[in-house]
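# model this:
(one chain, ligands or ions: 1)
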Amino acid sequence: MDPRVQQFMAMIKAKNPGENEFHQAVQEVAESLIPFIEDNPKYKHAKILERIAEPERTIIFRVPWLDDKGEIQINRGFRIEMNSAIGPYKGGLRFHPTVNMGILKFLAFEQVFKNSLTTLPMGGGKGGSDFDPKGKSDNEVMRFCQSFMTELFRHIGADTDVPAGDIGVGGREIGFLFGQYKRLKNEFTGVLTGKGIEWGGSLIRPEATGYGATYFAQEMLSTRGESLKGKTVCISGSGNVAQYAIEKVTDMGGKAVTSSDSDGFIYDPKGIDKDKLAFIMELKNVKRGRIKEYAEKYGVEYFEAKRPWGIKCDVAMPNATQNEINGDEAKTLVKNGCICVSEGANMPSTPEAVEVFINAAILFGPGKAANAGGVATSGLEMTQNSMRLPWSRTEVDEKLHTIMKNIHSTCVKYGTKENGFINYIDGANIGGFVKVANAMIAQGVV
Ligand code: NDP
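As a prediction, the model looks like this:
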C-alpha cells in the first residue's frame, strides 16, 4: 500500500475504531485521491480529505414502540449528516438488524461523492435503524416509523436534510414517516423523497436505481463496441433495485437469469421475463415472501444459502448489499467470461473482488457511479416539489438517462489511464471529489 494511504488510514482507524465498512470505503477513496491531491496541493493545504472523512454531525437516538402484543420494543435510530458543502444532506434510511454506526458512515461517505457526480445540488447523509421490518405487521411498522420520526423530525427539513429509502425502507415506510413528519411540523414539504405519486412523489423514482445501473452498464459496454443486447445478466437481490434492473435489462435486449434474497437464489436459464418479474414484485412488495417461491412456481433451480456468482454470465449486477462478491467469486465470474460489473448496491464487491476485476481489466462500475440514478431522481423529485409541478414519466426518464451518461463521461474524463483503460473507481472518486472540495475551500474553515 502507498505509505501516504497507510498513514492516512492509521489515523482514520484510530479515530473510528471497529467501523470496518467505513474504513473500507474511505481507503478505496483515499487510494484514488491521495495521488491526485499531491498533484493539486490546494486540497492538501485545506486538509480536505481529513475534513471530508469526518461527519459534520451524527445523531443517535432511542426509538421505543409497542408491538402487536402490547410489549415495549426498543431500537436505535441514527442520522449521519456527512457533508453539506454543495446542498442539503441527502441520502437514504436503512432499516435492517445489521445497521450500526460503521455501516451508516460508509454509506454517508459514499453518498457525498455520488451526489456530487449527479451534478445536482445535494450534500451527503445516511441514516436508519437496527429495526427489522421482516415479519412485522403493517401496524407495527407504522408505530415504529412514527416513533422514529418523532425524534428525527427536529433534525431534517426540505432545505436541511432530505432522507429517502434504502434496504428495508420502501414506499410503505416513506408513507408512514412522511405522515408523522407532516403531523409534527404542520407542513407539507419535500422533506422525504420516494413519496407516493399522489402526494408529491416523482414518476420513475422507484425505477431509478435499477434503470440507472442498467444504463450505466450499457454506457460502459459501448466503450468496447458492445451492448446489453443478447447478453446474459446475473442479478442479486429481489428488492427495489434488483426488480427494476431486471425490467430494464430485459427492455434493452438482455436476459436476466438470477434473483436472490438473504436465504438463497433462483436460476432461471430462460430469463426472468415481464410476467415472472410481476410475480417477484407481488411476492416481495405485497406478500413479503421468499424468493424460493419463484422456484416452486416456475420449476427452476433454487440454491439455498448461496449467491449467484457461480452462474455463467456476460454481465453481473450485484443489487443486494455490501460485500456480497468476494475475491473467489470475482475470479469465478471472470473465468466464466463476465466482462462487465455494474454495482446497483453500495460497495457490494470486497476490496479483493475489486482487485480481481481491475487486474482482469473488465468494465467495473462502482456503486457511487452506477447506482447514482436513485439519488439523482430523488433530486428531480425535490425540484418538482419546489416548483409544485410534476414532470411526465418520459421527461424524468430522459433526465435520468442523460444524468447517467454524464456520470459515465465524468468517470471517463478522470479515470482514463495512459494505456486507455478506464478505471471507473478513480474516475468516480476524483470526479465526485473536485466539486465538493472546491465548495469547501470557498466556504472557509467550517
Ligand atoms: P430492498 O430492501 O428493496 O432489497 C434488498 C434486497 O437485498 C433484498 O432482496 C434482500 O433480501 C437482499 N439483502 C439485504 N441484505 C442482505 C444480506 N445481508 N445478504 C443477502 N441479501 C441481502 O433494498 P434496495 O433494493 O433499495 O437496496 C439494495 C442495495 O442497493 C443496497 O445496497 C442499497 O444501499 C443500494 N441502493 C439503493 C438505492 C435505492 O434507491 N433504493 C439507491 C442506491 C443504492 P431479504 O429480503 O432476504 O432481506
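
# Can you tell me how far Y302 is from P318?
Applying CB to CB, to the nearest Å, the value for Y302 to P318 is 19 Å. C-beta coordinates here come from the backbone N, C-alpha and C atoms, glycine included.

# Tell me which of those two has more neighbours.
Neighbour comparison, Y302 and P318: the larger count goes to P318, with 33 against 18 (by other CB atoms under 10 Å).

# Can you check the pLDDT for that one?
For P318, the pLDDT comes out at 98.

# Next, the contact list for the closest residue to I362 other than its chain neighbours, please.
Of all residues beyond its chain neighbours, the one nearest I362 is I339 (5.2 Å), with distances taken as CB to CB, 6 or more residues apart in numbering. By CB atoms under 8 Å, 6 or more residues apart in numbering, I339 lies in contact with 221, 224, 226, 314-315, 362-363.

# and the ligand, which of the residues you listed reach it?
When contact is defined as CB under 6 Å from any ligand atom, the contacts of I339 do not meet the ligand at all.

# Out of those, which comes closest to the ligand?
Using CB to the nearest ligand atom, V315 is the member of those that lies nearest the ligand, at 16.9 Å.

# so the closest one sits right up against N336, yeah?
No: shown here, V315 and N336 do not form a contact pair, counting by CB atoms under 8 Å, at 11.6 Å.

# With neighbour numbers in mind, choose between these two.
The neighbour comparison of V315 against N336 (other CB under 10 Å) goes to V315, with 28 against 16.

# Quick check: beta-bridge partners of that one?
V233, C340 (DSSP bridges).

# who touches it in this structure?
By CB under 8 Å, 6+ apart, the contact list for V315 reads 217, 221, 228, 231-234, 249, 254, 338-342.

# Now pLDDT too, for these, in a markdown table please.
Listed next are those as a markdown table, based on pLDDT from 0 to 100:
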| residue | pLDDT |
| --- | --- |
| A217 | 98 |
| L221 | 98 |
| L228 | 98 |
| K231 | 98 |
| T232 | 98 |
| V233 | 98 |
| C234 | 98 |
| V249 | 98 |
| G254 | 98 |
| C338 | 98 |
| I339 | 98 |
| C340 | 98 |
| V341 | 98 |
| S342 | 98 |
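
# Any of those residues buried? List them.
With burial judged by 16 or more other CB atoms under 10 Å, the buried subset of these is 217, 221, 228, 231-234, 249, 254, 338-342.

# Rebuild those as CSV, extending it with distance to L117.
Shown next, in CSV, are the buried ones among the contacts of V315 (distance: CB to CB, whole Å):
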residue, distance to L117
A217, 16
L221, 20
L228, 22
K231, 25
T232, 29
V233, 24
C234, 25
V249, 22
G254, 24
C338, 24
I339, 23
C340, 19
V341, 18
S342, 15
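
# where do the strands sit along the stretch 1-150 of the chain?
For the stretch 1-150 of the chain, strands defined by DSSP state E, counting those that start in this stretch occupy the ranges 57-66, 72-83, 89-95, 124-129.

# Within the sheet, what are the partner strands of the last one, with directions?
It refers to strand 124-129. Here, using DSSP bridges, strand 124-129 pairs with strand 72-83 (antiparallel), strand 89-95 (parallel).

# Tell me which of the ones you listed is the most buried.
strand 89-95 (a mean of 28; mean count of other CB atoms under 10 Å).

# okay, the angle between it and strand 57-66?
Our comparison of strand 89-95 with strand 57-66, counting by axes from the mean of the first three to the mean of the last three CA atoms, to 10 degrees, yields an angle of 30 degrees.

# Now strand 89-95: average pLDDT?
Averaging pLDDT along strand 89-95 gives 98.

# who are the neighbours in contact with the closest residue to Q27 other than its chain neighbours?
Using CB to CB, 6+ apart and skipping the chain neighbours, the partner closest in space to Q27 is M9 (5.5 Å). M9 is in contact with 1, 23, 26-27, 30, counting by CB under 8 Å, 6+ apart.

# Around the ligand, pick out the residues from this structure.
Taking CB under 6 Å from any ligand atom as the criterion, the chain approaches the ligand at residues 165-168, 170, 209, 237-242, 261-262, 319-321, 344-346, 371, 374.

# This completes my enquiry, with thanks.
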